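Peer 1: Fold the stuff below for me.
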Amino acid sequence: MSPAKTESSPASAPDIFWECWEQEDPPTPGEDLATPFPTSNKHADREICEDLDILGDRVTIHPTGYVEPRATQDEGHDRNLVENMARFRESPLDFLREVSLHVSGIGWRAYDQVLGQPIFYSGFSENMKVAVMKTPMLRRRIEDLAQRRVEVEEQSGLLGDEKDRIVNKFRRKTEIEMSLHDVALELTDGMICKMESKRFIRGAYYLCTQLLTRAYHQGIHVSSEEVLRLRSVAEQAAKKKHSIVFLPCHRSHVDYVSLQLICYRLGIALPTVVAGDNLNFPVLGSFLQHAGAMWIRRSFGDDALYTTLVQSYIDTLLQNGFNFECFIEGGRSRTGKLLSPKFGILSFLLDSVLSGRVDDAIICPVSTQYDKVIETESYISELLGQPKPKENLQDFLSASSVLSLKLGRVDVRFHEPWSLRDFIEGQQARKDQSLETESPTEMQSSENRVRLLRTLGFKVLSDINAVSVVMPTALIGTVLLTLRGRGVGKSELIRRVEWLSERVRNKGGRVAHFAGAPTEIVVNRGLEVLGSGLVGVIDGLPETTYYAVDRFQLSFYRNMTIHLFVTEALVSAAMYTRVKQGGGPDNQSISFDRLYDQVSFLSQLFRGEFIYPTAGLLANLNATLRGLERDDVITVSRDPAEKALSVGLSVTERKNGRENFDFYCFLIWPFIESTWLGAVALMGLTPPLEQTNELWLDVAKTQDAAQLLGKTLYHQGDLSYFEAVNKETLKNAFQIFEDEGIVNLHRSKDKKVPSTIKLAEGWTPKRDPATGNIIPEGPLWSFIETIANSRREGKNRRDGATVSTRVLVLADKVGRQLFESAAAPGDAAVDAMRTPKKRRRKDMQTKARL
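Peer 2: Just a heads-up that it's a prediction; the model follows:
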């Protein structure tokens with residue numbers, strides 16, 4: 001197939017579909033326009049199904065993951081990509097014509113006969129508010145809250161003497177219900193999306209496309225197979241009045257913009273998008289709400305009315321078949337890889353179907369990938385401990401400078417949608433025979449519900465990973481950060497990009513297809529998008545040499561590939577416990593039992609960071625060893641029964657300077673470093689000898705102190721990776737420490753009261769009675785040593801004494817400052833450092849007053 005579809009090419013059904021959309025007055029989106037591609041062979045479809053480049057009003061068909069070759073200056077190809085949307089300065093008449101077409105709603109721009117339930121009509125918001133307020137769940141909640149309040153007032157003697165009490169109770173309950181109804185109505189009005197005007201959404205589509213294609217000048221790429229399948233699913237869902245629930249990953253604010261643009265362009269009803277109310281500031285907030293955003297609080301706390309209201313609104317949307325969208329990770333990923341699933345909105349969705357209030361919903365996991373993410377610089381500031389600035393219109397408008405950048409393209413992939421009802425029934429069928437006889441009420445028990453939620457969340461993440469496309473910038477970033485040395489020559493960079501591309505495909509991943517273009521062109525394109533701020537170049541040498549300028553920011557793109565190689569990385573890091581000792585092959589070989597133990601330890605350590613195959617540890621380990629053996633990275637010694645006895649590096653890998661083995665180690669080492677840093681920081685939580693009373697330390701300050709310790713160790717050479725001090729990875733490490741029982745953590749629901757932490761009993765190190773220094777021994781120290789066995793050590797390589805003396809002294813110094821701050825007389829935080837038991841008693845007394 002030619003790189004781009006031309007009018008003279010033979011037209012298949014899908015080609016006709018997109019060619020007719022290229023015409024000035026294409027068929028309306030609701031018509032049956034094409035027959036979907038065959039789906040009998042998923043792996044074959046991956047390679048042969050075309051991509052669609054949606055750039056403004058132009059839709060172009062390309063081979064899968066097509067990367068446009070660089071054109072010569074005379075051809076002006078790059079310029080034409082930008083100019084697909086007419087600009088006023090270059091062509092004022094064409095610009096005004098395009099605006100007129102969107103305002104008047106000509107052809108597909110009319111957004112009529114969409115696949116889905118009716119939206120964008122006058123009175124939509126009022127109808128939605130009425131429907132929400134009529135839900136039995138919300139009405140029962142209002143009655144229950146009013147009844148509880150009346151009972152408290154009755155016990156307090158506020159309802160008069162006994163003869164008037166019955167009348168007063170009825171009157172007072174009615175007053176409270178009316179008041180709560182008014183509050184709920186006001187909250188509903190501020191929460192729900194207000195899809196009222198088609199003229200507004202047509203203008204919003206044009207405006208957002210103009211802005212998006214200025215920044216991402218190569219447009220939005222989607223798979224033709226996937227969008228045709230999505231249209232078919234949307235048609236069936238509309239007939240059954242089922243909602244499509246889009247669950248995308250979240251790396252940028254562009255995520256929800258691009259998905260809305262795709263749905264609009266395909267003639268699918270726009271989803272209601274769950275958005276944090278931090279974005280609900282003047283002008284932008286109203287714009288987003290009328291374009292589909294529903295506002296929710298970042299935290300619900302103990303507000304029973306608000307929680308029920310959100311559930312009622314979601315029930316109403318799903319019962320009436322309105323499409324829905326929320327981000328499975330909650331907030332945006334600052335690290336580039338998928339975050340663990342957040343179960344808040346997911347819990348509401350599951351409850352709607354599990355309870356029977358909603359018949360079914362169609363789940364559609366979505367992957368959104370970028371050549372370059374606009375917000376990465378601000379992400380780095382946050383990860384290094386800078387407070388996140390509050391969103392406001394001024395900062396939003398000041399971001400317009402990025403719109404003139406050429407950031408490449410956005411790549412959106414849709415997993416095959418599936419039924420939430422079928423998923424629930426499938427999970428229930430997997431339970432043992434005794435649970436098959438449970439009643440529906442028992443199946444909704446807390447334990448089963450948590451299991452369902454976790455399985456649902458991680459299935460969605462797995463589906464997102466399965467359809468994600470590795471972009472050229474991610475390939476380059478990964479290669480640059482997994483090579484030893486200061487820089488890399490152009491030819492070596494190209495060779496390793498080709499090797500990595502092949503490895504991604506062999507692992508079942510998707511990589512941008514080069515469509516016959518030389519890899520050098522793809523690499524040049526990726527380097528141009530990344531820019532000199534991330535990748536530097538040294539000219540005037542026998543060979544052009546590149547180096548990582550900002551390794552921290554570049555790690556964002558490396559982390560986009562790590563999910564594909566996490567098992568290989570864990571095995572390699574476990575083998576490194578022997579490889580780093582040097583010597584001959586026999587000295588560096590590791591027994592299978594020891595390898596298993598270390599891989600098991602690391603897997604548990606990073607269970608909050610990565611998504612593992614579901615086959616189980618032993619099966620995953622054996623499969624990974626077989627894969628590395630096939631790639632000639634390792635050799636495995638086996639007994640006659642084919643059971644692995646020992647593992648070592650292959651002869652070929654040694655001759656090649658361990659480049660492939662090192663690649664896998666370099667992927668995981670920053671995460672090992674970060675967890676090791678967090679564990680070392682815990683040593684500093686050992687109470688000083690003079691500290692006689694129990695103190696709980698502020699969690700946020702403790703994590704800040706760990707970051708400070710990490711920055712010190714990095715600049716002194718004891719930490720190899722600066723990205724190891726990032727806030728998100730340290731938070732995940734502290735979560736693992738809590739799960740393992742190393743620390744006790746009390747989470748406060750009151751924003752004014754900080755969450756607190758202390759070392760658990762049995763894990764607190766001892767101090768030397770004479771010097772007061774922490775003694776490097778005990779369970780926590782052994783835990784740190786087990787992590788250290790797999791880490792890439794700094795300048796004091798193989799010198800464990802340095803860690804047990806100087807590094808430990810630094811950790812103690814930082815920790816003492818935490819204790820001094822917590823114990824400071826008159827400090828406002830002292831009240832927060834009281835033991836949780838006392839604080840909970842006070843909280844209960846406060847709640848009792850209602």
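
Peer 1: Centre of the chain to stretch 100-110, how far?
Peer 2: A distance of 35 Å separates the C-alpha centroid of stretch 100-110 from that of its chain, computed with C-alpha atoms, centre = their mean, to the nearest Å.

Peer 1: what is the rounded mean pLDDT of it?
Peer 2: Here stretch 100-110 scores 74 as its mean pLDDT.

Peer 1: list the buried ones in it?
Peer 2: 101-102, 108-110 (16 or more other C-beta atoms under 10 Å). C-beta: built from backbone N, CA, C; applies to glycine.

Peer 1: Please apply the same query to stretch 276-292.
Peer 2: Of the residues in stretch 276-292, 276, 280-281, 284-285, 288-292 count as buried by neighbour count, 16+ other C-beta under 10 Å.

Peer 1: Can I get the residues you listed in TSV including secondary structure, pLDDT and distance to residue 119?
Peer 2: As requested, these are exported to TSV (DSSP: H, G, I helix; E, B strand; the rest coil; pLDDT from 0 to 100; distance: C-beta to C-beta, whole Å):
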residue	secondary structure	pLDDT	distance to residue 119
276	strand	87	22
280	coil	81	20
281	coil	81	25
284	helix	85	21
285	helix	87	19
288	helix	92	15
289	helix	93	13
290	helix	93	11
291	helix	93	11
292	coil	92	9
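
Peer 1: tell me which of those is nearest to residue 121?
Peer 2: residue 290 (12.9 Å; C-beta to C-beta).

Peer 1: Residue 477: helix or strand, and which one exactly?
Peer 2: Per DSSP states H and E, residue 477 falls inside helix 472-480.

Peer 1: just checking, what packs against that helix?
Peer 2: Applying 3 or more C-beta pairs under 8 Å, 6 or more residues apart in numbering; DSSP states H and E, one finds that helix 472-480 contacts helix 490-506, helix 519-530, strand 545-548, helix 551-558.

Peer 1: got the contact list for residue 472?
Peer 2: Neighbour list for residue 472: 67, 371, 497, 512, 522-523, 525-526, 529 [criterion: C-beta atoms under 8 Å, 6 or more residues apart in numbering].

Peer 1: neighbour-wise, which of those residues leads?
Peer 2: Among the contacts of residue 472, the one with the most neighbours (other C-beta atoms under 10 Å) is residue 512, at 27 neighbours.

Peer 1: Make sure it is actually in contact with residue 474.
Peer 2: No - counting by C-beta atoms under 8 Å, residue 512 does not reach residue 474; the two are 9.1 Å apart.

Peer 1: quick revisit: could I get the helices and strands packed on helix 472-480 as a markdown table with distance to residue 615?
Peer 2: Listed next are these as a markdown table, based on distance: least, C-beta to C-beta, whole Å:
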| stretch | distance to residue 615 |
| --- | --- |
| helix 490-506 | 18 |
| helix 519-530 | 34 |
| strand 545-548 | 35 |
| helix 551-558 | 26 |
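
Peer 1: still on that earlier bit, list just the nearest of the buried residues of stretch 276-292 to residue 822.
Peer 2: residue 276 (31.4 Å).

Peer 1: Find the nearest non-adjacent residue to the closest one, please.
Peer 2: residue 298 (5.3 Å; C-beta to C-beta, 6 or more residues apart in numbering).

Peer 1: now the helix or strand where residue 380 lies against helix 551-558, angle please.
Peer 2: Assigned by DSSP H and E, residue 380 belongs to helix 376-383. Helix 376-383 runs at 110 degrees relative to helix 551-558, counting by axes from the mean of the first three to the mean of the last three C-alpha atoms, to 10 degrees.

Peer 1: And helix 376-383, what's buried?
Peer 2: 376, 379-380, 382-383.

Peer 1: Name the nearest of the residues you listed relative to residue 673.
Peer 2: residue 383 (14.2 Å).

Peer 1: What pLDDT does the model give the closest one?
Peer 2: pLDDT at residue 383 comes out at 83.

Peer 1: and it, what does it touch?
Peer 2: 334-335, 552, 723, 726-728.

Peer 1: Ignoring the adjacent residues along the chain, who's closest to it?
Peer 2: Counting by C-beta to C-beta, 6+ apart, residue 726 is the residue found nearest to residue 383 once chain neighbours are left out, at 3.9 Å.

Peer 1: Name the nearest residue to residue 118, sequence neighbours excluded.
Peer 2: residue 124 (7.9 Å).

Peer 1: Neighbour count and distance to residue 706 added to the contacts of residue 383, as TSV?
Peer 2: Putting the contacts of residue 383 into TSV (neighbours: other C-beta atoms under 10 Å; distance: C-beta to C-beta, whole Å) gives the following:
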residue	neighbour count	distance to residue 706
334	23	17
335	24	17
552	20	17
723	24	14
726	24	11
727	18	10
728	17	13
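
Peer 1: From these, which land in strands?
Peer 2: Within the contacts of residue 383, no residue falls in strands by DSSP state E.

Peer 1: State the mean pLDDT of the helix or strand containing residue 450.
Peer 2: Following DSSP H and E, the helix or strand that holds residue 450 is helix 446-467. Mean pLDDT, helix 446-467: 90.

Peer 1: What residues sit buried inside it?
Peer 2: Residues 448, 452-453, 455-467 are the ones in helix 446-467 that count as buried (16+ other C-beta under 10 Å).

Peer 1: tell me which of those is nearest to residue 343?
Peer 2: Relative to residue 343, and with distances defined as C-beta to C-beta, the nearest of these is residue 453, at 5.0 Å.

Peer 1: and the residue nearest to residue 118, how far is that from residue 218?
Peer 2: Computed as C-beta to C-beta, to the nearest Å, the residue 124 to residue 218 distance reads 35 Å.

Peer 1: Equivalent analysis for residue 143, please.
Peer 2: Per C-beta to C-beta, residue 143 is found 56 Å from residue 218.

Peer 1: So what's the gap between the lengthiest helix in the chain and the chain middle?
Peer 2: Scanning the chain for the helix with the most residues, using DSSP state H, yields helix 162-191. Its chain's C-alpha centre and that of helix 162-191 lie 41 Å apart, by C-alpha atoms, centre = their mean.

Peer 1: all strands of the stretch 751-850 of the chain, in order?
Peer 2: If DSSP state E, counting those that start in this stretch is used as the criterion, the strands of the stretch 751-850 of the chain fall at 756-759.
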